[in-house]
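Engineer: Give me a 3D structure for the following:
(chains A and B, ligands or ions: 2)
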Amino acid sequence: MSDKLKLSDLNSILKDLDVESLEGVTIEGDIELDIQGGGGMNPAMAYALGHEAAQISLHVANIARMLGYPVDQLFAQCLGAGGETAALQAEPAIEELMQTKFDVARSSEWNTPIQEVTLGATSADGGSRGHTITLGGEKAMPFYFDAEMPNRNYVTMDVFDMPISMAKSVKSNYEDVMGDPAEWAKKVVNEYNADMVTIHLISTDPLINDTPAKEAAKVVEDVLQAVDVPIVIGGSGNPQKDPEVLEKAAEVAEGERALLASASLNLDYERVAKAATDYGHAVLSWTQLEINAQKELNRKLMKQCNVPRDSIVMDPTTAALGYGLDYAYSNMERIRLSALMGDDELNFPMSSGTTNAWGARESWMKESPLKEDSDWGPREYRGPIWEIVTGLSLALAGNDMFMMMHPTSVQVLKEITQTLYGNIEAKTPDITNWITAEV
Amino acid sequence: MKINSPLDAYKYLPGTNCGRCGEDTCMAFASHLIDRSKSGEDCLPMVEEDKYAKKLEELEKLLAPEIKEVTIGTGEKSVTIGGDDVLFRHKLTFFNKTAYAYDVTDTMDDKELEERINTIQTFKKFYVGEFLTLDMVAVRCVSGKPETFAETVKKVIGLTELPLVLCSFDPAVLKAALEVASDKKPLMYAANQENWKEVAGLAKEYEVPVTLFAPNDLDLLKSMAKTFAEMGIEDLVLDPGTFPTGRELKTTFENFLKIRRAGIDGDGEIAYPIMAVPLTAWMAYDDDVSASYWETVVASVLTVKYGDIMIMHSIEPYALLPEMHLRDTIYTDPRKPVTVDPGVWEVGSPTADSPIIVTTNFALTYYTVESDIASNKIDCYIVVADTEGIGVEAAVAGGQLTADKIKKTLENAKFDLKEKTNYNTVILPGLSARLQGDVEDKVGSRVLIGPADSGRLPGWLEKNWPPQNK
Ligand code: B12
Ligand code: SF4
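Structural biologist: Ligands and ions are numbered 1, 2, ... in the order given. Reported below is the predicted structural model:
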């Protein structure tokens, strides 16, 4: 736009306007007015503008707005800015993109990295694992651009010390190894690419087989023999029996740096913690969807039981998709955000019992019990994706380690979390013309 | 929102505590403005009296969500997207759940088109008292021909009231479709670096919302958004590109995070709803199941983190069900109580011979149980104990579901089992089996233990009801 405006032009632009409305208008701006000659000046106009007009520069847009008249168009016309069409539109037609840069700040609130916890011990550290796994270390929410994520997510697959009932599509993968935990462990590591193995000693439950702790510990030895990945040792969930079972298991696994699952507020967590510290293991601090309970238990483990910070992993509880995942998701997200902002009682890696997804009826029922529902389709495909989506959403909330069951779920969850982690090279399709893609 | 405390909002209110908004005080009303459960227009004096007009206008500006809301479609089925104020759902809640659009093309034959559209518009899944459903149809121009595309769009409009996304980068194609569809207020897809001028012209001419597509180029995306806004086109949706695999997918994810963070942090030039196109997963995988799985995975990631609208291809139930549930998970208002009223409620038309089943007042539990029964046309009474909104298993563990509670529920409802029923028997959830003895003692009835999952109740009742002896 020309930065000189002739008053005669202004005059002609404004001559039909009701000059009354110019009263009280202050003209401001930095455009110099170039007054030529004296002829043709509308006297009313001259009055309204007074001699100020001779000196004051004015801003075209400003005047337009103050007057409340569509002078913009008139200006545009007389200044030759837009031609016919531009004059008719309220907004200017734009010929060139208004170039601007996108910019966003990195988070300044996340200043405390998550504690790193290493599981498994190789011969160099007095164990017999082929490799170790390190959880945690994040300085930002998962996969965010604010800071590099130092360690990827890991999957530990469930192995049970006795045949158990499970969804059909899960069971079909394990029929040949059920009843032989060592073979089961081999299968998940060698065939299903498990990073770790969780051996659940559920037969120790007094209401199931009441297997003595000593005997259960043998199963742990068998599993340690069978595979060389780091392991998680789980009890039966019976709060009376678990401390004893975990003690014995910890003893036979001495030096292997296993994760003991779990210490919780409703059992003798001191005994579990002591088993961990005595035999060099880490402990899983399990609470049920309650951030304050999680702080309390972690505090007790650290202060009362002297568990070192590098030996605590949390399980804040996983509720399945459609069965309370909203609680589980926000609980984890809140825990992780508080941790990054410096809450040292929550500053630990997290683990999810993603297997819980198989408790949701959508994952295992043959069809909907409701006649009004649309057909649910084959459950063989429904189950695994239920486990994937449950785990994946928690990965985005900050979860580090996943306890899982279905081989397909494990494979896909690993693929997506490692893609977001930046570990997967793949030639991605050219999407510029996705609209016409044949799919 | 530019303000975040009730005190800030209060300053703009009349301060007369007249109560016409349904709140006792202006201050109480102000706190509802901040949690967005009420809007400025609910204060009638402000709307009616001229002297408040200016304040109301200022207030509404301050209360406007950081991310602009865009409405697509007309009438009951129209969808509104955007409108968020926070980056994490627990900080308030996420508004306007992600709109899910599924594609059709202008090269499909009539039968295929009809079938797909029918699935999209009728698919439903009961959940907590209502049905989860799908929202939109995206029509892709594959033919490249304006007439063909317009023809298909016309057919689609004849088949469904769901709002549409009209997909083509060719302004002539878009124009042909808008000629037949603009009164339905479809979303135009899309303006890009090459066609933006023409598409902007169409958006103005037909007054429809428009998507801006700048694959992995946030500078360009923002430049386009700024330019369109300058032209007076503000019903914008941003598509930074959905690259389905590899490092580019990581970048896609980061782009979504960046755009939303910038928007919430106050960069108004990019504070628009974001579109994802998980459909691109189908360009990366050949077999249907893998493609469908991966599409669901990409959709899940971008539903959790900031996708406001997305276009997908798979209409297999194993893709739709998790997608709908995850969206519900993320968009459920974490502040809302999740209870139903306790009491003894009838399902169908129960008689003295009908079963009496006990459950909790946690909405998820109640509606699951109720629908399992109602859907199978079983007449019965449901005794809904006040467990403070806790489900069966947690309520038994936490002591909210007890024999006393069940007894109290019956008493409060003046429901005398001996008088009103022939069997004096109640059925407890399988997961509360341990209450059996206690309930027998306190309620003075017989107690049967039902299955763990109420989905199995109909089959179980067939075998176990009526009870053998009275
Ligand atoms: C979400 C959840 C919570 C939420 C509860 C939210 C809510 N509003 O209920 C919160 C965070 C509050 C919570 C807290 C606790 N929880 Co909790 N929680 C869960 C979780 C993850 C899901 C439960 C759920 O919502 N299920 C879905 C609903 C619909 O199921 P439902 O109510 O049982 O209904 C089904 C059946 O019971 C049946 N049914 C219902 N009615 C009827 C009626 C008849 C006649 C029949 C036949 C069937 C039937 O059909 C329904 C549909 O399938 C479970 C673990 C899991 N299962 O995944 C743990 C779980 C239930 N919690 C548990 C515990 C221990 C607790 C706490 C005690 C933890 C603590 N120490 O603080 C507290 C107790 C809180 C309280 N009571 O005040 C344990 C219970 C263990 C046990 N068996 O004793 C569980 C199983 C976790 C575990 N493995 O340890 N929890
Ligand atoms: S209607 Fe308006 S003036 Fe009256 S109490 Fe409510 S907020 Fe205050």
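
Engineer: Point me to the residue of the stretch 301-450 of chain B nearest ligand 2.
Structural biologist: Proximity of the stretch 301-450 of chain B to ligand 2 (C-beta to the nearest ligand atom) peaks at residue B:335, 20.9 Å away. C-betas here are computed from N, CA, C, even on glycine.

Engineer: State whether that residue and residue B:94 are indeed in contact, as I suppose.
Structural biologist: No. Using C-beta atoms under 8 Å as the test, residue B:335 is too far from residue B:94 to be in contact (11.7 Å).

Engineer: quick one, which of these two is more surrounded?
Structural biologist: For the pair residue B:335 and residue B:94, the greater number of neighbours falls to residue B:94 (23 against 10), based on other C-beta atoms under 10 Å in any protein chain shown.

Engineer: rewinding a little: for residue A:133, see how far away the residue nearest to the residue of the stretch 301-450 of chain B closest to ligand 2 when sequence neighbours are not counted is.
Structural biologist: Closest residue in space to residue B:335, ignoring its immediate chain neighbours: residue B:93 at 6.2 Å, by C-beta to C-beta, 6 or more residues apart in numbering or on different chains. According to C-beta to C-beta, to the nearest Å, residue B:93 and residue A:133 sit 36 Å apart.

Engineer: neighbours of the residue nearest to residue B:317 when sequence neighbours are not counted, just the number please.
Structural biologist: Excluding its sequence neighbours, the residue lying closest to residue B:317 (C-beta to C-beta, 6+ apart) is residue A:377, at 3.3 Å. Here the number of neighbours of residue A:377 (other C-beta under 10 Å) works out to 15.

Engineer: Residue A:377: what's it in contact with?
Structural biologist: B:316, B:317, B:318, B:321 (C-beta atoms under 8 Å, 6 or more residues apart in numbering or on different chains).

Engineer: quick one, strands of the stretch 301-450 of chain B?
Structural biologist: B:309-312, B:343-347, B:356-360, B:380-385, B:425-428, B:446-449 (DSSP state E, counting those that start in this stretch).

Engineer: okay if I get those as JSON lines plus mean neighbour count?
Structural biologist: Listed next are the strands of the stretch 301-450 of chain B as JSON lines, based on neighbours: other C-beta atoms under 10 Å in any protein chain shown:
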{"stretch": "strand B:309-312", "mean neighbour count": "27"}
{"stretch": "strand B:343-347", "mean neighbour count": "16"}
{"stretch": "strand B:356-360", "mean neighbour count": "26"}
{"stretch": "strand B:380-385", "mean neighbour count": "23"}
{"stretch": "strand B:425-428", "mean neighbour count": "22"}
{"stretch": "strand B:446-449", "mean neighbour count": "18"}
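
Engineer: got TSV for those, with distance to ligand 2 and mean pLDDT too?
Structural biologist: Formatted as TSV, those follow (distance: least, C-beta to the nearest ligand atom, whole Å; pLDDT from 0 to 100):
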stretch	distance to ligand 2	mean pLDDT
strand B:309-312	34	98
strand B:343-347	33	95
strand B:356-360	37	97
strand B:380-385	35	97
strand B:425-428	47	97
strand B:446-449	51	96
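
Engineer: what about dumping the CA coordinates of the lengthiest helix in chain B to PDB?
Structural biologist: Criterion DSSP state H: the longest helix present in chain B is helix B:246-264. Taking C-alpha atoms only, helix B:246-264 is exported to PDB below (Å, rounded to 0.1, in the frame of the first residue of the first chain):
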ATOM      1  CA  GLY B 246       8.600 -45.500  11.100                       C
ATOM      2  CA  ARG B 247      10.200 -42.300  12.200                       C
ATOM      3  CA  GLU B 248       7.700 -40.300  10.300                       C
ATOM      4  CA  LEU B 249       5.000 -41.600  12.600                       C
ATOM      5  CA  LYS B 250       7.000 -40.500  15.600                       C
ATOM      6  CA  THR B 251       7.200 -37.100  13.900                       C
ATOM      7  CA  THR B 252       3.500 -37.100  13.300                       C
ATOM      8  CA  PHE B 253       2.800 -37.800  16.900                       C
ATOM      9  CA  GLU B 254       5.200 -34.900  17.900                       C
ATOM     10  CA  ASN B 255       3.400 -32.600  15.500                       C
ATOM     11  CA  PHE B 256       0.100 -33.300  17.200                       C
ATOM     12  CA  LEU B 257       1.700 -32.500  20.500                       C
ATOM     13  CA  LYS B 258       3.300 -29.300  19.300                       C
ATOM     14  CA  ILE B 259       0.200 -27.900  17.600                       C
ATOM     15  CA  ARG B 260      -1.900 -28.600  20.700                       C
ATOM     16  CA  ARG B 261       0.600 -27.300  23.200                       C
ATOM     17  CA  ALA B 262       1.100 -24.100  21.100                       C
ATOM     18  CA  GLY B 263      -2.700 -23.600  20.900                       C
ATOM     19  CA  ILE B 264      -3.400 -24.100  24.600                       C
END
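
Engineer: and residue A:105, how many residues sit next to it?
Structural biologist: Residue A:105 - counted by other C-beta under 10 Å - has 11 other residues nearby.

Engineer: What of residue A:372?
Structural biologist: Neighbour number of residue A:372 under other C-beta under 10 Å is 12.
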